[in-house]
Every structure is written in structure tokens, then in C-alpha cells.
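let's see this in three dimensions:
(one chain, ligands or ions: 1)
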Amino acid sequence: AAARNPPHIAMVPTPGMGHLISLTEFAKRLVRYHNFTVTFLIPHDGNSTKSQLSILEGLPTSISYSFLPPADMSNTPADTLILTRVILTLTRSLSDLRESLRALAESTRLVALLVDLFGFPAFDLAGELGVPAYMFYSCNALSLCSILYVRKLDQKYTCESQDSPEQVQFFPGCVPVQWADMIDAVQERQTENYKRVLGMAKQYQRPAGVLVNSFVDLEPAAFKSLMQKDGEIAPIYPVGPLIRDGLEKGSSGSDLCLRWLDDQPNGSVLYVSFGSGGTLSRDQIKELAFGLEESGHRFVWVVKSPSDDSKNASFFKEQIADEPLWFLPEGFLERTKGFGMVVPSWAPQVQILSHGSTGGFLSHCGWNSVLESIINGVPIIAWPLFAEQRLNAVELTTDLKVALRVKPNDGGVVERRQISECIKRLMASEEGKMLRERVTALRFAAATAFAKDGSSTKKISELADIWNH
Ligand code: UDP
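This is a model prediction of the structure:
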């Protein structure tokens with residue numbers, strides 16, 4: 001009887017909005033175009049966020065979700081690194097995950113387990129059930145190349161980071177990357193994060209396939225190189241750009257911001273956001289505020305509370321939307337009232353980027369944000385903060401030429417003058433116009449990837465056929 005059931009996929013997103021969002025978009029496609037059903041099994045630490053729920057509650061009925069019992073994180077110190085926390089949340093949920101998967105295998109025709117880029121520890125569970133495990137890599141092909149490259153680097157340079165090369169090239173023809181722009185975790189060899197990433201780099205041949213949220217025409221050379229790495233990585237499936245349609249419910253504050261955009265001239269507004277996890281120091285927030293003000297350009301700024309000791313402080317902790325904005329410079333809100341809009345903590349980003357009034361995006365370069373910008377033809381000011389974001393910034397500026405990048409001073413602060421100049425360059429110069437033209441070309445390339453015979457459409461069909469044999 002089971003054979004008559006639709007094929008079912010179990011998806012396991014590790015904590016992080018970016019991971020959840022791209023997996024749900026992939027699930028929607030499987031359901032809509034290939035008649036699959038999907039269950040999300042969600043490991044978490046007890047702090048699931050409203051933003052997560054807003055995504056999950058809007059899913060079609062053939063996609064179910066259930067939160068696993070909260071992982072016991074009581075003995076993890078408060079300063080535990082994000083990457084460690086993400087992985088511990090999963091490893092400490094494995095026995096509950098095993099049970100849920102077993103139950104699914106009994107009640108559905110379970111054909112595959114799909115985990116995200118930190119989901120390695122779940123591979124064994126798929127093995128136990130006799131279903132193949134696949135990985136959904138929610139960042140770009142270039143960063144995947146960089147992780148595989150770490151294996152080589154590790155053999156070549158055995159000492160601390162001062163012995164590291166000044167520049168690296170992941171494969172012939174690849175854009176050269178300054179060492180300082182490598183993924184955080186890779187830069188310091190003695191750290192726990194480095195060991196984790198190296199450990200991950202050695203496991204990419206374990207899944208039956210690696211899906212990448214990017215498309216061939218965006219990163220042709222990186223994909224070519226990945227596809228030639230037999231034995232180092234499983235078969236590669238470029239399946240992107242998978243981004244939200246932005247139709248999930250927003251809060252009343254967010255509606256306000258869209259109404260405000262309705263009243264602004266076409267292409268005149270700069271949207272400013274550092275993603276779900278990104279935070280700035282108090283000083284940096286001040287500089288940014290003055291920079292925005294000085295530029296004189298219209299803006300929508302998603303503001304999060306400052307964090308002076310980390311750049312990703314809101315990754316696990318949702319900020320409260322009606323927190324007072326005490327950290328903004330005095331009088332800032334009044335002075336910018338006519339041309340600026342401040343949205344505390346979370347904004348309907350996809351709707352903002354697809355709004356005709358939006359003409360630029362000052363972004364931390366999280367990969368979802370980058371794709372959302374490209375698909376809407378919005379050029380970028382790259383202000384990378386952590387993880388693989390600097391690598392994305394290199395790709396956007398040097399390779400794709402759709403962005404310009406801010407330069408921090410020696411103390412790591414991006415000064416107001418620098419900010420206002422970048423804004424003027426993007427929003428009102430010949431250079432900005434060229435970036436806009438380039439990103440418009442990419443927008444069409446992205447649409448083509450999902451046309452009827454587009455490269456990503458075909459890859460997803462290929463997977464659906466494999467799974468539904
Ligand atoms: N996002 C949003 N509103 C916000 C901040 C972020 O809707 O105020 C969404 C954004 O559209 C994107 C995701 O959250 O889809 C962030 O993912 P990204 O990979 O850009 O960055 P991360 O949050 O993982 O650093």
C-alpha cells in the first residue's frame with residue numbers, strides 16, 4: 001500500500017533563518033511541481049523565534065513541520081561559538097530525530113533525508129533507515145570551493161595564521177581571494193571552529209548529492225570546478241536561486257514601512273540590513289546613522305540593538321521589535337524623518353527589495369540576501385560581517401561587479417564619510433548605473449535558471465526522478 005503514497009522527504013534545518021528559508025523554498029517546489037510531501041523535523045534549543053514560525057505557518061498543507069524536543073544546552077557556556085552551538089543543537093537532538101524519522105518511515109514513503117550545510121551528524125540516521133542522505137548547501141558555490149580547499153591548505157600550511165598565504169585561489173581561473181576574506185573559521189588554525197570546518201570538509205563525499213542554492217550561470221567556473229572534484233564531494237546539483245516570495249504574514253510595523261515605500265520616488269531608497277544574525281557595535285551604529293544622514297539619500301534601515309563584542313549576536317536570540325532605539329544619535333529620528341525610515345529588528349525584506357522605490361541594498365552579504373537582491377535587480381553596497389560573507393563580497397565586487405564594498409578603518413570601524421560616499425556612488429553616479437545594469441542582467445539569468453528548461457528546473461526534476469524511482 002505504501003508504494004501508492006506520494007514520495008516523502010524529511011528535511012532537517014539547523015538553527016539559522018537562512019538555513020530554514022532556503023530549505024522551505026526547495027520543499028515548496030518539490031510539492032508544487034513534483035507531487036512530493038515533506039516533513040520538517042526541527043532541532044532547536046528552546047528559543048524558536050517568531051520569524052521561524054512566520055515562515056513555517058505559511059507553508060502549504062503537504063509540508064508538515066514538527067519541533068523536536070528542545071536540545072539540552074544547559075551545560076554550554078554563554079560564550080559558546082555560534083557554529084558549535086548550531087552543531088550541538090543537532091547532535092543533542094539526534095536520538096529524538098532518530099525516533100521521528102523512524103515514525104515517518106513507517107507512516108510515509110520516505111525516500112530521502114535532506115539536511116542543511118551543518119547537518120553532517122544526521123547522515124548516520126539515514127543510513128540506519130536505508131534511505132539516502134542529501135545535503136542542501138544554502139550558500140554559494142564559491143564558498144563551497146573554499147571549504148574543500150581547506151583540506152589542501154591544511155596540508156600545505158601547518159602553522160598559525162601568520163604563515164598563511166596572502167592570497168588564495170581555490171581553482172584555476174577562480175577570483176583570487178585575500179586571506180583576510182576567507183571564512184572566519186578557516187583563518188585561525190588553533191581554534192575549535194577551524195577543526196570543525198576541516199572535519200566538515202572531509203565529509204562532503206558522504207551524502208548521495210549536494211544541492212547548492214545558486215545557479216550555473218551565476219558561478220560557472222566554481223560549479224565546473226566542483227563538478228570535477230570526484231572523490232572529494234558528492235554529485236553537485238545547482239538548484240537555485242531559491243528565495244521566498246515574501247508573502248508570509250508581517251507585523252504591523254512592517255506594513256508601515258511598505259506603505260512608506262509606496263510614497264517614495266522610483267529607485268530612490270537604500271535598504272539597509274545585516275540579516276537575521278548580524279549586529280554592529282554601538283560606535284558603528286552611530287557612524288552608520290551619521291553616514292545615512294549625511295548622504296541625504298532616502299533609506300529604510302532595519303536596526304538591531306548594538307553588540308560590542310560580537311558581530312552575530314542576534315543569531316540565536318530574537319530581538320524585541322518595540323525595544324527603544326536609545327543607541328541612535330540624539331535627534332537622528334527627527335532629523336531624518338522626511339527621508340528615512342527605521343524599522344526595529346525585522347523587516348519584510350523580500351517585499352522591500354521587490355518594491356519599485358528600492359534602488360540599492362546595503363547588505364551584510366548573507367547569501368539569501370544576495371540572491372534576493374539579484375532576483376530583484378538591486379545593486380549592493382557590501383558590508384560583510386562574519387562567516388562566509390566576506391567571500392560573498394569578493395564575488396559580488398570583483399567577479400560579478402554588482403556591488404561596491406565599504407572599507408573599515410584600521411580600528412575596524414566603517415566611518416561616516418566612507419558610508420555616505422558609498423551611498424552616493426551607488427545611488428547617484430555612473431558607477432552605480434553600471435552596477436545596476438550588471439545586476440539587471442543577472443536578474444534575467446536567474447529567471448532563466450527557473451524557466452521551463454532552465455538549468456535549475458532541470459536539476460530539481462533530475463533529483464525528483466531519482467527520489468521517486
Ligand atoms: N530577513 C528578513 N528581514 C530582516 C532580516 C532578514 O526578511 O529584517 C530575511 C532575508 O530576507 C533573508 C534571511 O532573512 O531571506 C537572511 O538570510 P541571509 O542568508 O541573508 O543572512 P543570515 O541571516 O543567514 O546572516
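
can you tell me which residues contact Thr235?
I think there's a mix-up here, since residue 235 is Pro and not Thr. Contacts here follow CB atoms under 8 Å, 6 or more residues apart in numbering; on that basis Pro235 touches Ala208, Gly209, Val210, Met227. Just so you know, the C-beta spots here come from the backbone N, C-alpha and C atoms, and that holds for glycine as well.

sorry, that was for Leu125
For Leu125, the contact set (CB under 8 Å, 6+ apart) comprises Leu94, Leu97, Arg98, Leu101, Leu113.

neighbour-wise, give me the winner out of these.
Leu113 (28 neighbours; other CB atoms under 10 Å).

which one is that residue nearest to, not counting chain neighbours?
Ala126 (4.1 Å; CB to CB, 6 or more residues apart in numbering).

please identify the helix or strand for that neighbour.
Taking DSSP states H and E as the definition, Ala126 sits inside helix 123-129.

next, the buried residues of that helix.
Going by neighbour count (16 or more other CB atoms under 10 Å), the buried part of helix 123-129 is Phe123, Leu125, Ala126, Leu129.

which residue comes closest to the residue of the chain found nearest the ligand once chain neighbours are left out?
As assessed by CB to the nearest ligand atom, the ligand sits closest to Gly366 within the chain, at 2.2 Å. Leaving aside its sequence neighbours, Gly366 sits nearest to Gly275 (CB to CB, 6+ apart; 4.1 Å).

report the contact partners of the one you found.
Met17, Gly18, Ser363, His364, Gly366, Asn368, Ser369.

just to revisit the earlier point, how close does the residue of the chain closest to the ligand get to Phe386?
10 Å (CB to CB, to the nearest Å).

which one of those two has more residues nearby?
Gly366 (27 against 21).

farthest pair within the contacts of Pro235?
Farthest pair in the contacts of Pro235 (CB to CB) is Ala208 and Met227. Separation: 15.4 Å.

who has more neighbours, those two?
Taking neighbours as other CB under 10 Å, Ala208 and Met227 compare with Ala208 leading, 18 against 14.

chain neighbours aside, what residue packs nearest to the more buried one?
Ala208 sits nearest to Pro132 (CB to CB, 6+ apart), 4.0 Å away.

does Glu396 touch Ile381 like I think?
If you look again at residue 396, you'll see it is Leu, not Glu. No: between Leu396 and Ile381 there is no contact under CB atoms under 8 Å: 9.9 Å.

mind listing the shared neighbours of those two?
In contact with both Leu396 and Ile381: Ala403, Arg405, using CB under 8 Å, 6+ apart.

report whether the strand ranked longest in the chain contacts the ligand.
Ranked by residue count and defined by DSSP state E, the top strand of the chain is strand 109-116. No: using CB under 6 Å from any ligand atom, strand 109-116 stays clear of the ligand, with a minimum separation of 11.2 Å.

that strand: how far from the chain's middle?
Relative to its chain's centre, strand 109-116 lies at 21 Å (CA atoms, centre = their mean, to the nearest Å).

which helices and strands does that strand pack with?
With contacts defined as 3 or more CB pairs under 8 Å, 6 or more residues apart in numbering; DSSP states H and E, strand 109-116 has these neighbours: strand 7-12, helix 17-34, helix 94-107, helix 123-129, strand 133-137.
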